[in-house]
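Asks: Build me a model:
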Amino acid sequence: MNNAYRGSFAGTLFVALAAAMVAPPALAIPPDPDNAALLYYQSFLALAQLGDEARDRIAEVARGDKAPGDRVREDIGKCAGAIEFAEVAATLPACDWGVRYSKGFEALMPQMAQMRLLTFVLIADARIRAADGNYKEAIERCLMAGTFARHIGDETFISYLVSRSVRGLAYKCMQDVVGRSAGDAELLQWLKDELAASDIVTLSPVRPLKNEMEIVSDLLRMENVEKLARALAGSDEKKAAVIIRKADEKILERAKRMYTERMSSALAVLSTSMPYEQAVAQLKQVADFDPNDPSSQIVQAFIPGLDKIFSQKTAIETHANAITAGIEILLSRAKTGQLPDALPPGLPTDAFSGKDFEYAKTKEGFTLRCPGRDLDVYRYEFKIRK
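Replies: Here you go, the predicted model:
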């Protein structure tokens, strides 16, 4: 290689290296969101603009009141994009809705209304899939709705109530689909394993009530009397003005002390495992107020029906236990070819009494019933598809 060529080659190499050093690196694709709430918000935006009639159709199918017809299938088809966003959101562990907790009871949470519609869409889609014989896909939708319930969370009391409602609707659909898929032992075993690995236990009201205690305790001070008046009177300005005018520091101090004592007692009950009837009796005592005492009137406005909340929580836990027990009964049928004559031992129990469910075979399948409770709401029917 002559000197001229070597010089030309070295120069070219130097220019190439210099260009490589100053050239920007290849851009990597940014990561997808790691907060499930961001995907759920997009799901809400992607929901089809449906009229009241279409929303009612979807709700009726989701509740199991009507079989899915062509019109509701078309409605759900328009929500395919929303369902896809929810599918991805359900795969993420973290979910932060961005609630402005510093605003206390004045914090706006408009997403709650959209959560209700999305739940109906997901469960209606599950029932459509079940009607078409796609039982595993239907159950996967129910499990996804259960994850949505967990993501809704229990940071606030309203979010706890919404999450409980979502989970209840998912359990009802799952119960219906389990009976229809009774002949598929592999599917039943898969669902049994999925439920065992999931957070089937419902969220607790303890956390939101603790958060509310902080908010209410802060309100029960003279310097926050205007906020207190808005919380008690809502949009009634005249009532709020009367509350502000009659505000008394001693009454508020006594109300704060009473509220703290009552709620601490309630939280102790809700955090302790005790017989249902005993827990309800103690929670009713917490809500026993003197109607002629100004401090009691204030406290009563901030203490919800704790005995009813505990009853609803127990009902959700019982429903979950009934589904698990129903799966075991159907697995026994898959092995022997017939339903057992008596309830197999060792199954989950009725959360109200701690006793075994009352088991009865029917023409269409079988029922599990909470002992000592006459209401049909505590009777879980599993219809087996012939």
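
Asks: what's the host helix or strand of Ala266 in contact with?
Replies: Counting by DSSP states H and E, the element that carries Ala266 is helix 249-270. The list of residues contacting helix 249-270 from outside it, by Cβ atoms under 8 Å, 6 or more residues apart in numbering, reads 204-206, 209-210, 213, 216-217, 220-222, 225, 228, 279, 282-283, 286-287, 294-296, 298-299, 302-303, 306, 310. Just so you know, the C-beta spots here come from the backbone N, C-alpha and C atoms, and that holds for glycine as well.

Asks: again with stretch 218-228
Replies: Residues lying outside stretch 218-228 but in contact with it, judged by Cβ under 8 Å, 6+ apart, are 104-106, 231, 240, 243-244, 247, 249, 252-253, 255-256, 259, 298.

Asks: And the residues you listed, which is closest to Glu358?
Replies: Distance from Glu358 was checked for each of the contacts of stretch 218-228 by Cβ to Cβ. The minimum falls on Tyr259, at 41.2 Å.

Asks: quick one: the closest one and Leu161, what's the gap?
Replies: Separation of Tyr259 from Leu161 (Cβ to Cβ, to the nearest Å): 20 Å.

Asks: neighbour count winner among the two?
Replies: The neighbour count for Tyr259 versus Leu161, taken as other Cβ atoms under 10 Å, is higher for Tyr259 (23 against 18).

Asks: ok so, going back, of the contacts of stretch 218-228, grab the buried ones for ChimeraX.
Replies: For selection in ChimeraX, the members of the contacts of stretch 218-228 meeting the burial criterion (16 or more other Cβ atoms under 10 Å) are listed in this command:
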select :104,105,231,240,243,252,255,256,259,298
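
Asks: Looking at the contacts of stretch 218-228, which is nearest Phe148?
Replies: Checking the contacts of stretch 218-228 one by one against Phe148 (Cβ to Cβ), the nearest turns out to be Phe105, at 25.0 Å.

Asks: Tell me who's in contact with that closest one.
Replies: Phe105 makes contact with 215, 219, 231, according to Cβ under 8 Å, 6+ apart.

Asks: Looking at those residues, spot the one nearest Thr349.
Replies: Closest approach to Thr349 among the contacts of Phe105 (Cβ to Cβ): Ile215, at 36.6 Å.

Asks: nearest spatial neighbour of that closest one, skipping sequence neighbours?
Replies: Counting by Cβ to Cβ, 6 or more residues apart in numbering, Gly104 is the residue found nearest to Ile215 once chain neighbours are left out, at 4.4 Å.

Asks: Repeat that for Ala185.
Replies: Leaving aside its chain neighbours, Ala185 sits nearest to Ala334 (3.7 Å; criterion: Cβ to Cβ, 6+ apart).

Asks: Thought Glu186 was touching that neighbour, still the case?
Replies: No: applying Cβ atoms under 8 Å, one finds Ala334 not in contact with Glu186, separated by 9.1 Å.

Asks: Neighbour count for the two, which is higher?
Replies: Counted by other Cβ under 10 Å, Ala334 and Glu186 do not tie: Ala334 has more neighbours, with 16 against 9.

Asks: if I look at that one, how far off is Ala342?
Replies: Taking Cβ to Cβ as the measure, Ala334 and Ala342 are separated by 17 Å.

Asks: in the stretch 151-300 of the chain, which spans are helices?
Replies: Listed in chain order, the helices found in the stretch 151-300 of the chain under DSSP state H, counting those that start in this stretch are 157-180, 185-197, 206-219, 225-233, 237-246, 249-270, 276-286, 294-302.

Asks: now the helix holding Ala266 and helix 294-302, what's the angle there?
Replies: Taking axes from the mean of the first three to the mean of the last three Cα atoms, to 10 degrees, one finds helix 249-270 and helix 294-302 inclined to each other by 40 degrees.

Asks: Check which residues of helix 249-270 are buried.
Replies: 251-252, 254-256, 258-259, 262-263, 266-267, 269-270.

Asks: and if you look at stretch 211-230?
Replies: Within stretch 211-230, the residues that qualify as buried are 211-213, 215-216, 219-220, 225, 227-230, counting by 16+ other Cβ under 10 Å.

Asks: For burial, what's the neighbour tally of the closest residue in space to Gly81 that isn't next to it in sequence?
Replies: In this structure, Gly81 finds its nearest non-sequential neighbour in Ala46, 4.1 Å apart by Cβ to Cβ, 6+ apart. By the criterion of other Cβ under 10 Å, Ala46 has 17 neighbours.

Asks: Got the confidence number for Ala46?
Replies: At Ala46, the pLDDT value in this model is 96.

Asks: hmm, back to that, mind pulling up the pLDDT for the residue nearest to Ala185?
Replies: Looking at Ala334 specifically, the model assigns a pLDDT of 91.
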